[in-house]
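Trainee: test case, fold it:
(chains A and B)
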Protein chains: 2
Amino acid sequence: MAVGNVRFPEMKQIAGISLGTSNAGIKQTERDDVLVIQMAEGSSCAGVFTQNAFCAAPVHIARQHLQSSPRWLLINSGNANAGTGKQGMLDGMRCCDALASVVKGSAEHVLPFSTGVIGEILPVAKIEQALPAAVSNLKEQNWSNASQAIMTTDTFAKGASITIDIEGETVTLTGISKGAGMIQPNMATMLGFVATDAKISQALLQKCLAGAAEQSFNRITVDGDTSTNDACILMASGCSSAPEIIEDSENYKVFANAVMDICKKLAELIVRDGEGATKLMRIHVEQALDNNEAVLVGKTIAHSPLVKTAFFASDPNWGRILAAVGRAGVENMDLDKIEIYLDDICIVKNGGRAESYTEEQGQQVMNQEEIQIRVVLGRGEVKQEVLTCDLSYDYVRINAEYRT
Amino acid sequence: MAVGNVRFPEMKQIAGISLGTSNAGIKQTERDDVLVIQMAEGSSCAGVFTQNAFCAAPVHIARQHLQSSPRWLLINSGNANAGTGKQGMLDGMRCCDALASVVKGSAEHVLPFSTGVIGEILPVAKIEQALPAAVSNLKEQNWSNASQAIMTTDTFAKGASITIDIEGETVTLTGISKGAGMIQPNMATMLGFVATDAKISQALLQKCLAGAAEQSFNRITVDGDTSTNDACILMASGCSSAPEIIEDSENYKVFANAVMDICKKLAELIVRDGEGATKLMRIHVEQALDNNEAVLVGKTIAHSPLVKTAFFASDPNWGRILAAVGRAGVENMDLDKIEIYLDDICIVKNGGRAESYTEEQGQQVMNQEEIQIRVVLGRGEVKQEVLTCDLSYDYVRINAEYRT
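Mentor: Prediction:
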C-alpha cells in the first residue's frame, strides 16, 4: 500500500563497499534476513542512533564499536534483540564474534543491527549458521538484495543513489533504508545504511550525518513511537579519485548537501511505506520564531489521530488541523494571525474559515495522494517541514496482527 | 461499544438546580440537542476550561461570565462554535442574550457551552427558537434528559450521583459528562456539569474543582487530542441543611473527596466510551521521583498507537510498553530497575522479560475487558494513574466518517 511511485531505483555501486545476504530463517524462510556489509580498509564510518532510553543491545554494542574503525556491519531482520536484558548483550556480542571468525577479523570491528519483534531472545545459532553464505556472497552490486534482507513490515524495498561532481571527479552515494511503523523522529528513526566512495575523515563524516539526519529522518513520523533500535550509518570508502573532503570547503558543502539529499529520499520512502498509509502529507510550518516551535507545531499535527483519520477519509476537516496547532504548546500564539493552506487553497484566515474557501476546493485537494499542509504562524521567519502519512484501518490491522 | 457496565445510574436531584432540554435540530432531529441549567439565586459556580490556545468562542465567553455570579448554563451539541472567528464570538453572545430574554435575566449571567463539529457557523436562529421550550421544561428531575442532550459521538449517556454526610445532614452531588474523542487531559477535557446542594463560597468551590479535575479529567486520554471546547462546571446551590463548608475544615476534606470521587467516575465513563474502545486500561506508574514523570510515563504509554493496537488485539506485546516507557523522556532511567506488570503478572524485570513470565499468563490478562498496566520505575515514592482505551478499527471508522 505504498503512496506514490516507489519503484526501486538503479543503484550505483560504491567501490570498496560490498554486501552479502543469506537466509537464517529467523522469522520467515522465503527471503534473506541476514545482511553483511564489508568496508574496504581505511574507510570512515559515522552513525546516529535512537534516543530511546531503553535502546536495544545491538545499539549499545554498535555505539561502542563505532569508536574502533569498524570494517563490517551485521544486520538481521525478524528479531530486534531489544528488551532482552543481559542475555541480549551476550547474544549481540556472540554475533559479532561469529562474523569476526568467518571474515578472520576482530569482533570490535563489527557493528551489529537488529530489527523486528521486541522482547524475544535472538536466535544466535541460526544467524551463526547463515554467516558463511552471506560472506561468500559479498559483492559491490548487491544493494537490491541488501535492501530486501532488512525489511520487516515494509511493503517495498527502499533505496536511493546519487552522484555529485567534486573537482571534475564523480563521487557516488548509495543507500538503503527500512521502516514502516514505530516511526517517530528522534535522532535516527529506522535503519539506514548509506555508503559513498568519497574520502573524508570520520569526524567530518559524523558531523555531516548528524546534520543530515536532523533534517531528514528526524522530520518524519508514522505513529510517534520511537523505536529501541533505530540507527543510520554512513560509510565512506575513500575509493573515488576525488580529493579528500575537508571542513569548511566548497567541496564539503556539495558533499553535505548530497548526504542531506539522499537521507531525505530514504526518509520520505519510509513515510510512503507508513503502515497502512494511503496518503503522504508534507506539513510546512512557516513564519515560526525558531526551529523548535516550527517542528513542535508540525509534529503535533502529524501525530494527531484525528487529523490522520480525516486525511484517510479525504475529509477537509480543517478544524482538526486548527485544534492541533492550538494544543501544540506554543506560547502566546495569536489565532488571528494564523493561516492554513491545503496546497494552494487557503482554508483558515483571521481566526476562522477563509472567506474565499469552499468545501469543493478542499475536497479536490484531499482527493490527492500527496498533500501539502502549510501553516503560517505569523511570528517570525523560520520554516520547517515534517512528513507523515494518514491513519487507516490497515494501520490497526497490521499492528493488531503483527505477532500472529 | 462501551467497555464494562455503563448503565445510567439513579440520579439524585439537587435542590436549587433545574434542567430543561429541547430540540433545535442543529445536526439531528431525533433527540434534544439544547440544554439549559438554572441555578437558584445565591448559588456558587466554579469552572475549569481547555488549555488549547485556540479555545472556542463559548469558552472565551464562559470564562468571562464566570466572574459575574452566573445563574444559567446554555449548552448545545452538534456544533462546537470553534474556529469561527469574530462571528463565533458574536454568535455565542447572541445565544446568551436570547436565553437572558426568555428567563428575564442578564446575558452576563449565562455561561455558554458548545460541542460538536469544529469550523461551522453556529445556527443561532435554531437555538433561539428552541430556548422557550427548554426553559418551560426546567425541572430538578431532568438529569437523564440533560445527559442525553449533550452527547455527540458518545454511545451512552454518562452520569454519576453520590451523597455524603456533613454533620448529620445529607449533601448530594450529581453530575453528567460527555466525550468520546478528542480526549487528552489538559485541565478539563470534555464537558462535565456537576451540581451539589452544599453551601460553599465560589473561591473554595473553584479550588476544590481545580484539584479534582487535575486528578480525574486530566488523567484520561483517548487519542491525545485536546479539544478546543472542554469545560467542567461545578455548581453549588447551598440548598442543603448542612452548614457552610469552610476552608481547612474536616467538612471540606469530606466534600473535596466527594467532588474528586464524582469527577473520577464521570472521567472514567468517558474512557469507557472512548471512540471504538473495546478495553479499558488503567496505567499505574509507581516509584516515580515526582508527579510530572509519573504522568509523563503514563501518558506516553497511553498515547502509543502501537500499545493501543496491541491491546485491541489482546496481544501481550510487552516490548511495546517497554519501548514507550523508554521514549517518555525521563532522564537517567535505569532499565534494570524497571518492573512492568499486567494485573498481578510480572512481565518485565531486570531489563528484559521476567523469568517467571509465560505468554499464557499474559494472554489470560489480555483477554479481559479491563486491564491494569503497572509500571514500577524504582526511582522514588510517587504514584499516579492514567486511564485510556485501546485503538480499534472502529476508532478509524468513527473518525473517518464523522462528517459524512
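
Trainee: quick one: the nearest residue to residue A:346 once chain neighbours are set aside from residue B:261, how far?
Mentor: Ranked by C-beta to C-beta, 6 or more residues apart in numbering or on different chains and with sequence neighbours excluded, the top spatial neighbour of residue A:346 is residue A:354, at 4.4 Å. C-beta coordinates here come from the backbone N, C-alpha and C atoms, glycine included. Distance, residue A:354 to residue B:261, by C-beta to C-beta, to the nearest Å: 46 Å.

Trainee: and residue A:220, by the same measure?
Mentor: On the measure of C-beta to C-beta, residue A:220 and residue B:261 end up 44 Å apart.

Trainee: who has more neighbours out of those two?
Mentor: Applying other C-beta atoms under 10 Å in any protein chain shown to residue A:220 and residue B:261 shows that residue A:220 carries more neighbours, namely 27 against 16.

Trainee: surely that one and residue A:270 touch.
Mentor: Yes - if you go by C-beta atoms under 8 Å, residue A:220 and residue A:270 touch, sitting 6.0 Å apart.

Trainee: which strands and helices sit next to the strand or helix carrying residue A:325?
Mentor: Per DSSP states H and E, residue A:325 falls inside helix A:318-326. Packing partners of helix A:318-326 (3 or more C-beta pairs under 8 Å, 6 or more residues apart in numbering or on different chains; DSSP states H and E): helix A:291-303, helix A:305-312, strand A:339-342, strand A:345-349, strand A:370-376.

Trainee: residue B:344 is nearest to which of those?
Mentor: helix A:305-312 (31.2 Å; C-beta to C-beta).

Trainee: and that closest one, anywhere near chain B?
Mentor: Yes - Helix A:305-312 reaches chain B (C-beta under 8 Å from any C-beta of the partner chain) through A:305, A:306, A:309, A:310, A:312.

Trainee: I figured the last one hits residue B:397, correct?
Mentor: If I follow you right, that is residue A:312. No - in this structure residue A:312 lies outside contact range of residue B:397 using C-beta under 8 Å: 10.1 Å.

Trainee: more neighbours: the two, which one.
Mentor: Each of residue A:312 and residue B:397 has its neighbours counted (other C-beta under 10 Å); residue A:312 has more, 22 against 16.

Trainee: residues contacting that one?
Mentor: A:278, A:279, A:390, A:391, A:392, B:396, B:400 (C-beta atoms under 8 Å, 6 or more residues apart in numbering or on different chains).

Trainee: farthest pair in the residues you listed?
Mentor: Using C-beta to C-beta, the pair of those lying farthest apart is A:279 and B:396, separated by 13.5 Å.

Trainee: leaving out chain neighbours, which residue sits closest to the closest residue to chain B within the stretch 101-250 of chain A?
Mentor: Using C-beta to the nearest C-beta, the single residue of the stretch 101-250 of chain A nearest to chain B is residue A:118, 2.6 Å away. Excluding its sequence neighbours, the residue lying closest to residue A:118 (C-beta to C-beta, 6+ apart) is residue B:319, at 2.6 Å.

Trainee: next one: residue A:289
Mentor: residue A:380 (3.9 Å).

Trainee: that neighbour against residue A:290, yeah?
Mentor: Yes - counting by C-beta under 8 Å, residue A:380 does reach residue A:290; the two are 7.0 Å apart.

Trainee: what's the helix or strand for residue A:154?
Mentor: With DSSP H and E as the test, residue A:154 turns up in no helix or strand.

Trainee: what's it in contact with, if anything?
Mentor: A:178, A:179, A:180, A:273.

Trainee: so which of the residues you listed would you say is closest to residue B:234?
Mentor: Nearest to residue B:234 out of those is residue A:180 (C-beta to C-beta; 46.7 Å).

Trainee: tell me the contacts of that closest one?
Mentor: By C-beta under 8 Å, 6+ apart, residue A:180 lies in contact with A:152, A:153, A:154, A:155, A:222, A:270, A:273, A:274, A:275.

Trainee: what about it, which SS state?
Mentor: coil (DSSP: H, G, I helix; E, B strand; the rest coil).

Trainee: ok, residue A:316 next?
Mentor: Under three-state DSSP, residue A:316 comes out as coil.

Trainee: residues near it, how many?
Mentor: Other residues close to residue A:316 by other C-beta under 10 Å number 27.

Trainee: what sits closest to it if chain neighbours are left out?
Mentor: residue A:362 (3.0 Å).

Trainee: just residue A:296 next, same as before
Mentor: That would be residue A:328: by C-beta to C-beta, 6+ apart, it lies 5.2 Å from residue A:296.

Trainee: what's the burial count for the one you found?
Mentor: 22.

Trainee: what separates it from residue A:285, distance-wise?
Mentor: Residue A:328 is 10 Å from residue A:285, by C-beta to C-beta.

Trainee: quick check: neighbours shared by those two?
Mentor: In contact with both residue A:328 and residue A:285: residue A:297, using C-beta under 8 Å, 6+ apart.

Trainee: surely residue A:123 and residue A:26 touch.
Mentor: Yes - judged on C-beta under 8 Å, residue A:123 makes contact with residue A:26 at a distance of 5.8 Å.

Trainee: the two: who's more crowded?
Mentor: Between residue A:123 and residue A:26, counted using other C-beta under 10 Å, the more crowded position is residue A:26 (21 against 18).

Trainee: which non-adjacent residue is nearest that one?
Mentor: residue A:78 (3.5 Å).

Trainee: before we move on, the earlier item: top of the contacts of residue A:154 by neighbour count?
Mentor: residue A:179 (32 neighbours).

Trainee: and the nearest residue to that residue once chain neighbours are set aside, how close does it get to residue A:153?
Mentor: Excluding the flanking residues, the one nearest residue A:179 by C-beta to C-beta, 6+ apart is residue A:190, at 3.0 Å. Distance, residue A:190 to residue A:153, using C-beta to C-beta: 12 Å.

Trainee: got it, and residue A:121?
Mentor: Distance from residue A:121 to residue A:153, by C-beta to C-beta: 21 Å.

Trainee: out of these two, which sits in the busier spot?
Mentor: residue A:153 (17 against 14).

Trainee: roughly how far apart are the nearest residue to that one once chain neighbours are set aside and residue A:116?
Mentor: Leaving aside its sequence neighbours, residue A:153 sits nearest to residue A:180 (C-beta to C-beta, 6+ apart; 4.7 Å). According to C-beta to C-beta, residue A:180 stands 12 Å off from residue A:116.

Trainee: what sits in contact with each of those two?
Mentor: Joint contacts of residue A:180 and residue A:116 (C-beta under 8 Å, 6+ apart) are residue A:152.

Trainee: contacts only, for the residue nearest to residue A:179.
Mentor: Residue A:190 sits next to A:177, A:178, A:179, A:183, A:217, A:227, A:230, A:232, A:267, A:270 when contact means C-beta under 8 Å, 6+ apart.

Trainee: can you pull the pLDDT of the second one?
Mentor: Looking at residue A:178, its pLDDT reads 87.

Trainee: touching, it and residue A:152? I think so.
Mentor: Yes - Residue A:178 is within contact range of residue A:152, at 6.6 Å (criterion: C-beta under 8 Å).

Trainee: quick one: common contacting residues for these two?
Mentor: A:77, A:115.

Trainee: nearest to residue B:145, of the contacts of residue A:312?
Mentor: For those, the nearest to residue B:145 is residue B:400 (31.0 Å; C-beta to C-beta).
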